[in-house]
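> Take a look and give me a structure for this.
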Amino acid sequence: MSVFEISWQLYLLLFCCVVAVPVLSIWVWCLWAKRPLKPALWSLVGSTAVFMGLTWAISSNSVTIEENHLALKAGFYQAHIDNISLASSAVHIMPLDQLGEYTPEIAVNGIRLPGYQVGWYLLHNRKLAFVMLIGSLDEVSLVRSGDMTAVVGGNLFSGAGRIVTAN
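As a prediction, the model looks like this:
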């Protein structure tokens with residue numbers, strides 16, 4: 001099983017969007033409207049709880065290969081590919097910039113942030129695929145089995161799998 005860790009920049013972006021901006025906006029509004037600040041402090045508690053929940057959810061990323069089955073888990077999204085050892089199945093390792101028709105373009109049901117691109121995407125060839133690109137990547141594994149396609153960051157054939165470390 002490979003575990004994917006997220007860089008600190010994504011956590012900072014998430015913190016700013018979920019905690020800092022909303023809380024500061026509420027505090028500025030309270031000061032401007034001359035309302036008591038004490039009740040507004042609960043916005044900090046609520047925002048922090050939401051941030052912690054989102055952080056926990058998006059940091060649970062893993063790739064598991066067992067016998068004839070590939071299980072992908074990226075935050076809120078999951079995909080399972082069975083029968084990966086069939087003759088009709090293919091796993092290709094290629095550089096990220098050479099994906100060509102398999103380049104993820106439109107997030108149908110996914111998250112597209114700098115260094116964190118996961119979920120279901122329409123590819124350049126207009127086919128739906130599960131995408132799991134986390135961190136800075138040099139190479140990508142392209143898995144196709146039947147009508148299912150997955151684009152996974154890193155080399156699935158490397159010894160311990162791809163581990164993206166937090167900087």
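> use CA for all of it now, contacts and neighbours both
Fine.
> Val50 and Cys17 touch, don't they?
No. Contact between Val50 and Cys17 fails when scored by Cα atoms under 8 Å: they sit 10.9 Å apart.
> what's downstream of the longest helix seen in the chain, the next helix or strand?
Looking across the chain with DSSP state H, the single longest helix is helix 41-58. Downstream of helix 41-58, the next assigned helix or strand under DSSP states H and E is strand 61-66.
> mean confidence for that next one?
For strand 61-66, mean pLDDT is 80.
> other SSEs contacting it?
Strand 61-66 makes packing contacts with strand 2-3, strand 69-74 when contacts are defined by 3 or more Cα pairs under 8 Å, 6 or more residues apart in numbering; DSSP states H and E.
> If I take that strand and strand 69-74, what angle do their directions form?
180 degrees (axes from the mean of the first three to the mean of the last three Cα atoms, to 10 degrees).
> how about the CA coordinates for strand 61-66, as PDB?
Output in PDB follows, covering the C-alpha atoms of strand 61-66 (Å, rounded to 0.1, in the frame of the first residue of the first chain):
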ATOM      1  CA  ASN A  61      -5.000   9.000   0.300                       C
ATOM      2  CA  SER A  62      -3.800   5.500  -0.600                       C
ATOM      3  CA  VAL A  63      -3.100   3.100  -3.400                       C
ATOM      4  CA  THR A  64      -3.500  -0.600  -2.700                       C
ATOM      5  CA  ILE A  65      -2.600  -3.400  -5.100                       C
ATOM      6  CA  GLU A  66      -3.800  -6.800  -4.100                       C
END
